[in-house]
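A.B. asks: this one's structure only:
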């Protein structure tokens, strides 16, 4: 960059701090200082004016230096060794304290000025503590601050105008749109999910997983478009597709499902759709691909990379609900081949990411240009199909849906999710072990059918090994007793006696193991034929595995079978695996999973580099 260009860029950065950033006529920093003093009616010749002006000049120049530091970091960070990166981090961390100390020092004269203006006690009580005085130290809270506020103070007219245009992130305006705690979570989930590609992605948080699904589909899908979905999806998502998007008086969307889990099954379904909806496609209607993997209720896995690549080759947009997998078991946005990544990734934070079952929340993650562009701007880039595409600001998820619908995530819930996510890796590894033990134990009974890809002989095991991290299974699977031919009364009594070891709750991804009958609960929106096609029978039990020792669960299961099933089917419980063999199974599974986990971790030499 030439010297004149550098000077022009530096002045542009300095002008960002001006209260007249959009209307300034100044040509240098001294001119910006003079304008600022005049804007607030300060006499530049007075002692106060000279002192304020001197301080403002330093701040303008500091902002220029910060942008230069930003540019240097972007250009040089990747080439620095770990020692230098440690030095850069801690030097910049200390700069944060120095800047905060400047703010803290400013508080005393600032507070005195405020006290001289607000003298009436009733007025003081109505206004409460002025937040700028005491919020500075909260910057250094060791956990994100819970920002329980609906609105925010703003700097000046031109800055708030920029904020409403999406050009001033410092002013968050209104918590229905942005909230510091929620933004902290959004940035955190992008780091966890995307790793080294985090700079390419953004996230918006919602009040539930279903709100995140609805927002994504509402953002993309138009009148008489076509949604092609994988067969086994959460019952609430099935209901949303069938009862809202498909409804003629709403969007009259065509909803089709494909069976199977590999790319061939998807391609066959897509070919069928092209024939069945040729007229819609000729009118310019679009096909959107909605996937859930691992699937609910069986925990089966789709070959997501291969399906995404095939879908993008056809120009389709792919939405993936990866709730059951969590960023521990799968990280689809990190695929080395961009075409193998989904366009939008959804999580229900309610489940394993939080882990406690104490809150409901959801998130959508997508590439920056599809999530947010400042108002009236456009951005041309290469999409996941390899095509050059121009995205306009009002085609982003923020302006089209998030900004107007109000399904935001409040600060308390965001904090709950952040806190729960800290133990995700530990919990998910334990759950994967327990899932393998439980599935193999139950599959050993000749009259219990187990649908779990944790079983080596399972139809979905090969895809699980290839797609999921370390080849570990998701903590969700189903069993049914169709082979035992239990009468409904016996089956119901058995299920009801699974408490307290197995919780009777309509959820998954909690610290405790939870069971339900999908046909009666999570998938009750489906008719008999849809249930049959989804592999759900009247005696299907979905097991969402928790953090307990699986042998405790096994012991309770055996005793409950002895209590309830044996009187109707003599010696049913005698067909279970023996206690010593359960211990052997648990030990072998535990050691195998932890060995895989240890071997996947970087060596110390890598950590030093």
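C.D. replies: Arrived safely. What you see is a predicted model; the values in this text were computed from it and never measured.

A.B. asks: could you double-check that residue 474 lies in contact with residue 297?
C.D. replies: No. Assessed by Cβ atoms under 8 Å, residue 474 is found out of contact with residue 297, at 11.1 Å. The C-beta positions use only the backbone N, C-alpha and C, and glycine is treated the same way.

A.B. asks: out of those two, which sits in the busier spot?
C.D. replies: Set residue 474 next to residue 297 and count neighbours by other Cβ atoms under 10 Å: residue 474 wins out with 35 against 30.

A.B. asks: excluding chain neighbours, what is closest to the more buried one?
C.D. replies: Here the nearest residue to residue 474 in space, its sequence neighbours aside, is residue 294; by Cβ to Cβ, 6 or more residues apart in numbering that works out to 3.8 Å.

A.B. asks: roughly how far does that neighbour sit from residue 469?
C.D. replies: Separation of residue 294 from residue 469 (Cβ to Cβ, to the nearest Å): 12 Å.

A.B. asks: for residue 282, same thing?
C.D. replies: 42 Å.

A.B. asks: overlap in contacts of residue 294 and residue 469?
C.D. replies: Both residue 294 and residue 469 are in contact with residue 329, where contact means Cβ atoms under 8 Å, 6 or more residues apart in numbering.

A.B. asks: ok, the two, which is more surrounded?
C.D. replies: A count of neighbours by other Cβ under 10 Å puts residue 294 above the other of residue 294 and residue 469, at 29 against 17.

A.B. asks: hmm, that one is touching residue 476, no?
C.D. replies: Yes. Between residue 294 and residue 476 there is a contact under Cβ under 8 Å: 6.5 Å.

A.B. asks: give me the common contacts of the two.
C.D. replies: residue 324.

A.B. asks: please enumerate the strands of the stretch 151-300 of the chain.
C.D. replies: According to DSSP state E, counting those that start in this stretch, the stretch 151-300 of the chain carries its strands in the segments 201-206, 226-230, 254-258, 287-292.

A.B. asks: need the ones you listed in a markdown table with mean neighbour count, distance to residue 126 and mean pLDDT, can you?
C.D. replies: Output for these, formatted as a markdown table (neighbours: other Cβ atoms under 10 Å; distance: least, Cβ to Cβ, whole Å; pLDDT from 0 to 100):
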| stretch | mean neighbour count | distance to residue 126 | mean pLDDT |
| --- | --- | --- | --- |
| strand 201-206 | 25 | 32 | 97 |
| strand 226-230 | 22 | 51 | 97 |
| strand 254-258 | 18 | 53 | 97 |
| strand 287-292 | 24 | 50 | 98 |
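
A.B. asks: can I get those strands in a markdown table with distance to residue 563?
C.D. replies: Compiled in a markdown table, the strands of the stretch 151-300 of the chain are given as follows (distance: least, Cβ to Cβ, whole Å):
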| stretch | distance to residue 563 |
| --- | --- |
| strand 201-206 | 43 |
| strand 226-230 | 39 |
| strand 254-258 | 40 |
| strand 287-292 | 36 |
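
A.B. asks: nearest to residue 528, of those strands?
C.D. replies: Comparing those against residue 528 with Cβ to Cβ, the closest turns out to be strand 254-258 (15.6 Å).

A.B. asks: show me the shaky parts of the stretch 501-609 of the chain.
C.D. replies: By pLDDT under 70, the low-scoring segments of the stretch 501-609 of the chain are 521-526.

A.B. asks: same question, the chain
C.D. replies: 1, 521-526.

A.B. asks: phi, psi for the residue nearest the centre of the chain please.
C.D. replies: In the chain, the residue lying closest to the centroid (Cα atoms, centre = their mean) is residue 363, at 4.0 Å. When read as degrees, to the nearest 10, the backbone of residue 363 gives phi -150, psi 150.

A.B. asks: for the one 10 residues further on, same thing?
C.D. replies: With angles defined as degrees, to the nearest 10, residue 373 sits at phi -140, psi 140.
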